[in-house]
Structure formats: C-alpha cells, structure tokens
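1. Would you be able to build a 3D model of this:
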Amino acid sequence: MRFALRALALVFAASVLLAGAARAQDENPDWSITLRVKLALLQKLGTDALHIEVITSEREVQLAGTVKKRETRELAGEVARSVEDVKKVRNDVRLVPPKKGEGKVEAAASEAEAELADAVLESKAQLALIEKFGSDGFRVSVEAASGVLTLEFPDDIAADRRRDMVGLVEDVGGAKRVVTLKKR
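-> Take a look at the predicted model:
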C-alpha cells in the first residue's frame, strides 16, 4: 500500500512538472520533451523507468542508465520514440544482471522503494524551483540519490540566486543534503 501511494505521488509530481514544462515550451522545447519522455516511461515501465536517464538536445533524445531486463531496454526506446516532438532516439541503456545471492523479489522491492523515494524527492525539488524561480527553475538540473540532491547550475545564474535556490531545495522534505555543481 505504501509503495502504491508513493507511485501515485510520483506520477502526480511528474504531471505537475509536465504542466509547468508546457508553459516553458516556447523558451526551451527540450525541457518539455525530456519531461514528457520521463512521464511516458514511468507510465509504461513503472519503477523500471527510475533507472533510465533522459537527455534531450534539439529534439533528439538519449536514454542512459541500467536495467535488469532486455525487454525493459527495448521498450524504453519504443516509448521514447512515441512521444510527440521527438525527432530521434539513441538508446544507450545497458543491461546489468541482478546481484548474486539476492532474492529477486526482495531486491526488487527494496531497490524500487529507494528509487521511488529519490524520484519523489527529485520531483518535489524541481517543482519547488520552477514555482519560485520560473524559467530559471527549469534550467537547474536536479538529481537525487539516497536522499542527497545534486543541483547543477548554468554559469549565467548569479551566485545570490543560486544560494536562494539551494536554500529553497534544502527545505524540501526528505533531502538529507544538497550538493551543487556547475553545468559543463
């Protein structure tokens, strides 16, 4: 039951982000495509999609990350291709076998719960940035791993604005720590 509630929270957060992306689509359509592909992957693959990173540039989507099933890898590429405005998909998702000695069900449940918690945290942080800072919130890359949020800023966001963004994200419930990086 707890897992189902978290999954619903994740889909809701992704939907809210998608709505915000639609408003910013004129400024940067790649953000909108990335969010729509992530949402489509979550809807079609469920928690398996949590291991897949989506990178979009000039309407070309690159999928990266690792999955444990060949079917998931193949379906991820098909799902990404089906999203409107996607021009091309490069599927760099790798297959990684499950760890030995680990019960498949227990390992999957444990990993899914941790990944889902990170995805919800990531979505909450990104949404907070978008709501408070508008289009600048879209320009900050947010990643979550084990409760640690990493914010990656473009060079042209001023230091005082970055501090405000970090402060906002530190107040997001569930964040253990916030790390900042400059975008390359």
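
2. how far away is residue 45 from residue 145?
-> Relative to residue 145, residue 45 is positioned 19 Å away (C-beta to C-beta, to the nearest Å). No exception for glycine: its C-beta is placed from N, CA and C like everyone else's.

3. Who has more neighbours out of the two?
-> When residue 45 and residue 145 are compared on other C-beta atoms under 10 Å, the one with more neighbours turns out to be residue 45, at 19 against 13.

4. Assign a three-state SS to the more buried one, would you?
-> Classification of residue 45 using DSSP: H, G, I helix; E, B strand; the rest coil returns helix.

5. Could you list the domains of this protein?
-> For the chain, automatic domain parsing gives the domain ranges 1-97, 106-184.

6. would you list every one of the helices in the chain?
-> Ranges of helices in the chain, per DSSP state H, are 2-24, 29-45, 70-81, 104-133, 135-139, 159-170.

7. rank those by pLDDT, which is bottom?
-> In terms of average pLDDT, helix 2-24 trails the rest of those, at a mean of 49.

8. what comes up buried for the longest strand along the chain?
-> Counting residues, the longest strand found in the chain (DSSP state E) is strand 60-67. Residues of strand 60-67 classed as buried: 61-63, 65, 67 (neighbour count, 16 or more other C-beta atoms under 10 Å).

9. Which positions in stretch 168-177 come out as buried?
-> Of the residues in stretch 168-177, those buried (16+ other C-beta under 10 Å) are 168-169, 172, 175.

10. Nearest to residue 111 among those residues?
-> residue 175 (20.3 Å; C-beta to C-beta).

11. you'd agree residue 147 is up against residue 173?
-> No: Residue 147 is beyond contact range of residue 173, at 10.7 Å (criterion: C-beta atoms under 8 Å).

12. intersection of neighbour lists for these two?
-> Common neighbours of residue 147 and residue 173 (criterion: C-beta atoms under 8 Å, 6 or more residues apart in numbering): none identified.

13. ok, residue 128 touching residue 166?
-> No: with contact defined as C-beta under 8 Å, residue 128 does not reach residue 166; the gap is 11.4 Å.
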